[in-house]
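> Have a look; sequence and predicted model below, questions after that.
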Amino acid sequence: MSLVSVPLPSFILHSRPYKETSALVDFFTPEGRLRAVLRGARGKSGALARPFVPLEAEFRGRSELKNVSRLEAAGIPNLLASEALFSGLYLNELLIRLLPAEVPHPDLFEHYRATLPLLAAGRPLEPLLRAFEWRLLDELGYGFALDRDIVGQSVAPQGLYRLLPDAGLEPVGELQPGLFHGADLLAMAEADWSAPGALAAAKRLMRQALAPHLGGRPLVSRELFMNRKEPPRD
């Protein structure tokens, strides 16, 4: 993307101080992930420079680092707290880590925009997170079938499978660590989270599927959440 001048619906994924009064901000828009300098970040614009607030922004610049020429609120802020807050930070970190800069993903943007109010409303977190992870993988071209194996055969409810991240699900004849039951995979394919074990299996599956694309670096949001749950030391 070169010069951008039209208003774009936007969310801030992350911001940090830049020079004396500015901020370096990662935005998520239908046109993709954009990095831009927000000048006067300690003033009115800075008050909007928070995650999960629906915004309308205009950007200018021909390099990958844009300048924010206008920033306005465009809806009710999504007030996330406790586990929902950590979940929102997790989604933001996935987008920063995995989305290439300036590649449009309008459908993923709409999915993200629809997910935030559900997090704020206290909806069960695990189904929302698994659905977003799956949508992100699919948008990036890393998705795979949940109801068919790597040779196109239907997943058998009684079968055992392992994930080959670059290919899909491979049937396995004997029990090994890290495998998935066919019944759980079929429940995931239908988003049937009432099936016993489906949510836990989906969490393991998504971790395995995302790991190769995260470059071996741990997710900060996940570490923050785990540290938060640890009891205080004497």
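Perfect, thanks for sending it. What you see is a predicted model; the values in this text were computed from it and never measured.
> Not counting sequence-adjacent ones, nearest residue to the residue nearest to the spatial centre of the chain?
For the chain, residue 91 is the residue whose C-alpha lies nearest the centre (C-alpha atoms, centre = their mean; 3.3 Å). Distances taken as C-beta to C-beta, 6 or more residues apart in numbering put residue 132 closest to residue 91, at 5.8 Å, once the chain neighbours are dropped. To be clear about C-beta, it is placed using only N, CA and C from the backbone, and glycine gets the same treatment.
> Quick check: the one you found touching residue 90?
No - when contacts are counted by C-beta atoms under 8 Å, residue 132 is not listed as touching residue 90 (9.1 Å).
> on that earlier part again, dump the residue contacts of the residue nearest to residue 91.
Residue 132 makes contacts with 91, 94, 111, 112, 115, as judged by C-beta atoms under 8 Å, 6 or more residues apart in numbering.
> any idea how far it is from residue 167?
Relative to residue 167, residue 132 is positioned 23 Å away (C-beta to C-beta, to the nearest Å).
> Do a quick rundown of the strands in this protein.
8-18, 22-29, 32-38, 55-60, 65-73, 160-164, 168-172, 180-181 (DSSP state E).
> So for residue 219, which of those strands sits nearest?
Nearest to residue 219, of all the strands of the chain, is strand 8-18, at 13.0 Å by C-beta to C-beta.
> What residues of the lengthiest helix in the chain count as buried?
Longest helix in the chain, counting residues (DSSP state H): helix 82-98. Buried residues in helix 82-98, counted by 16 or more other C-beta atoms under 10 Å: 84-95, 98.
> TSV please, covering the residues you listed and showing pLDDT and distance to residue 140.
Formatted as TSV, these follow (pLDDT from 0 to 100; distance: C-beta to C-beta, whole Å):
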residue	pLDDT	distance to residue 140
84	95	25
85	95	25
86	94	23
87	95	20
88	96	20
89	95	20
90	96	17
91	97	14
92	97	16
93	96	15
94	96	10
95	97	11
98	96	6
